[in-house]
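[1] What follows is a predicted protein model with its sequence.
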Amino acid sequence: MLEYFHRQIQLWGEETQRLLQNKKIAVVGAGGLGSSLAFALGSSGIGEIHMIDFDEVSTHNIHRQIAFKVGDEGKNKAALNAMLIEQRCPFVKAIAHENSFKEWCEKEIDVDLIIDATDNLPTRGEIDDYCKGKNLPWIYGSVEAFHGQVCFFENSSFRDAFKITTQTPEGIAAPIVMHIASLQANLALRYLAGLSIKKDWLYYLFFNSEGELITQKFGVPS
């Protein structure tokens, strides 16, 4: 194990790396953000990762959902991501839940952190409700076109910050999906490793009309 995680151990030492082995997380959604999170966190040494998604791979998913390839159509997304994680890292247990988030909640599985990788506001509202009831933090992430948002929710309310609608998102460029998932993964790893992070602040990233990447941050109401 020490050889596998050599570069991370150089970063934060053996004790922190072993600490990660005792952590459990749930990723809600195994598509675009979920696939990138599986790559980013699946080889980090987190002890247990629950991938939650009832959906199956479609051809139009593959360009931005990096866990999948042509030929995976019709297969469950959570199952494919869990298999990929365990193939890449023998020190992480990955569990696929081929069901909705509501159904996963009924299983009463204890985790240390939930990461949102969904594509709709109503499910994010459900994640916020569940986490508030469990006194559990969660990391929000969303992408659309060339922009995205990230927030580590601890005390703030998602329902107060966002109007819950069923609006269909616009088209999405594949790199922004990976970028936002990378930011979510960094927040997750820093939190699980006991490092400082900024909580209850929304980070909004976008390209302006001149092609410059802009990052803004906003306090989220409690």
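    Yes, it's here.

[2] C-alpha from now on. contacts and neighbour counts both.
    Fine.

[3] Residue 142 pairs with what?
    In this structure, residue 142 bridges to residue 149 when assessed by DSSP bridges.

[4] For burial, what's the neighbour tally of it?
    22 (other CA atoms under 10 Å).

[5] list the contacts for it?
    117, 118, 119, 148, 149, 150, 180 (CA atoms under 8 Å, 6 or more residues apart in numbering).

[6] Need the worst-confidence member of those residues.
    pLDDT across those is lowest for residue 119, at 91.

[7] contacts for stretch 9-17?
    Contacts of stretch 9-17 (CA under 8 Å, 6+ apart): 2, 5, 8, 45, 193.

[8] Counting neighbours, which of those comes out on top?
    That'd be residue 45 among those, by other CA under 10 Å, with 25 neighbours.

[9] Assess the claim that that residue and residue 94 are in contact.
    No - the criterion here is CA atoms under 8 Å, and residue 45 misses it with residue 94 at 11.1 Å.

[10] which residue sits closest to residue 160, ignoring its sequence neighbours?
    residue 221 (6.6 Å; CA to CA, 6 or more residues apart in numbering).

[11] State the distance from that neighbour to residue 96.
    As judged by CA to CA, to the nearest Å, residue 221 and residue 96 stand 34 Å apart.

[12] Compare neighbour counts for the two and give me the winner.
    residue 96 (22 against 13).

[13] coming back round to it: can you pick the most crowded of the contacts of residue 142?
    Neighbour counts for those peak at residue 117, which has 31 neighbours (criterion: other CA under 10 Å).

[14] next one: phi and psi at that residue?
    phi -130, psi 30 (degrees, to the nearest 10).

[15] what separates it from residue 175, distance-wise?
    15 Å.

[16] again, but for residue 192
    In terms of CA to CA, residue 192 sits 26 Å off from residue 175.

[17] Likewise for residue 42?
    From residue 42 over to residue 175 (counting by CA to CA), the distance is 19 Å.

[18] Between the two, point out the one with more neighbours.
    Using other CA under 10 Å, the more surrounded residue of residue 42 and residue 175 is residue 42, with 27 against 11.

[19] which ones are touching the closest residue to residue 97 other than its chain neighbours?
    In space, residue 97 comes closest to residue 52 once its chain neighbours are excluded; the distance is 4.8 Å by CA to CA, 6+ apart. Counting by CA under 8 Å, 6+ apart, residue 52 touches 26-30, 78, 96-101, 104.

[20] Now with 10 Å, please.
    26-31, 34, 77-79, 81-82, 95-101, 103-104, 117-118 (CA atoms under 10 Å, 6 or more residues apart in numbering).

[21] Between the contacts of residue 142, which sits nearest residue 216?
    Of all these, residue 216 sits closest to residue 149, with 9.5 Å by CA to CA.

[22] ok, which stretches of the chain are helices?
    6-20, 32-42, 77-88, 101-105, 121-134, 158-161, 174-192 (DSSP state H).

[23] now the second one and helix 77-88, what's the angle there?
    Taking axes from the mean of the first three to the mean of the last three CA atoms, to 10 degrees, one finds helix 32-42 and helix 77-88 inclined to each other by 20 degrees.

[24] taking the mean pLDDT, what do you get for helix 32-42?
    96.

[25] other SSEs contacting it?
    When contacts are defined as 3 or more CA pairs under 10 Å, 6 or more residues apart in numbering; DSSP states H and E, helix 32-42 packs onto strand 24-28, strand 48-52, helix 77-88, strand 93-97, strand 113-116, strand 138-144, helix 174-192.
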